[in-house]
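Participant: Have a look; sequence and predicted model below, questions after that.
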Amino acid sequence: DGAARSLVNAKPFRVMYQLDGHGHRLHSAKVQSVLFANCGALPGGVALIPGASIADGILDVAVIQPSGVFGWLGVWRKIWWDNSVLQRFRAGRRVLERRRDTSVRYLRGSGIELATSPAQPIELDGDEFG
């Protein structure tokens, strides 16, 4: 609920990032939000970041970059339907392999360096952090 309310007024911003373990390639994207996690399940069985594990030593990152109002529908479909329902079944995973959806991108690595332009506020476990 808190995320949905805060994203309504959020404006997209530019990020530049470099993921450890993937060479020295610098990436740039216009995003709505970037989530860093070491686990991916939310209450109610919602899989925000599928495959994320607190025990694997890997940092999981979700880059939220919807394009327009319909892009937000893609974000919610990805999180609630694709991750929480289709991922559970072999046929559903095959459907997801063929789908090209960029509203939510998942990254994994031992760490990440990220910079924003302009500077953005951050939250830690849903609380403002600076």
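Facilitator: It's in. Residues are numbered from 1 along each chain as shown.
Participant: Identify the residue nearest residue 80 in space, chain neighbours excluded?
Facilitator: residue 46 (6.2 Å; Cβ to Cβ, 6 or more residues apart in numbering). C-beta coordinates here come from the backbone N, C-alpha and C atoms, glycine included.
Participant: Residue 121 versus that neighbour, what's the distance?
Facilitator: Distance from residue 46 to residue 121, counting by Cβ to Cβ, to the nearest Å: 24 Å.
Participant: before we move on, what about residue 58?
Facilitator: 26 Å.
Participant: Looking at those two, which has the bigger crowd around it?
Facilitator: residue 58 (14 against 10; other Cβ atoms under 10 Å).
Participant: what ranges do the helices span in this protein?
Facilitator: Secondary structure of the chain by DSSP state H: the helices cover 2-8, 68-76, 90-98.
Participant: any idea which of the ones you listed scores lowest on pLDDT?
Facilitator: Among the helices of the chain, helix 2-8 carries the lowest mean pLDDT, at a mean of 58.
Participant: Name whatever forms a beta bridge with the most centrally placed residue in the chain.
Facilitator: In the chain, the centroid-proximal residue (Cα atoms, centre = their mean) is residue 62; its distance is 1.8 Å. On the basis of DSSP bridges, residue 62 is bridged to residue 35, residue 106.
Participant: Quick check, it in contact with residue 50.
Facilitator: No. Between residue 62 and residue 50 there is no contact under Cβ atoms under 8 Å: 10.0 Å.
Participant: where do the contact lists of these two overlap?
Facilitator: Listed as contacting both residue 62 and residue 50 by Cβ atoms under 8 Å, 6 or more residues apart in numbering are residue 106.
Participant: can you count the residues close to residue 33?
Facilitator: For residue 33, the neighbour count with other Cβ under 10 Å is 20.
Participant: roughly how far apart are it and residue 57?
Facilitator: From residue 33 to residue 57 the distance is 24 Å (Cβ to Cβ).
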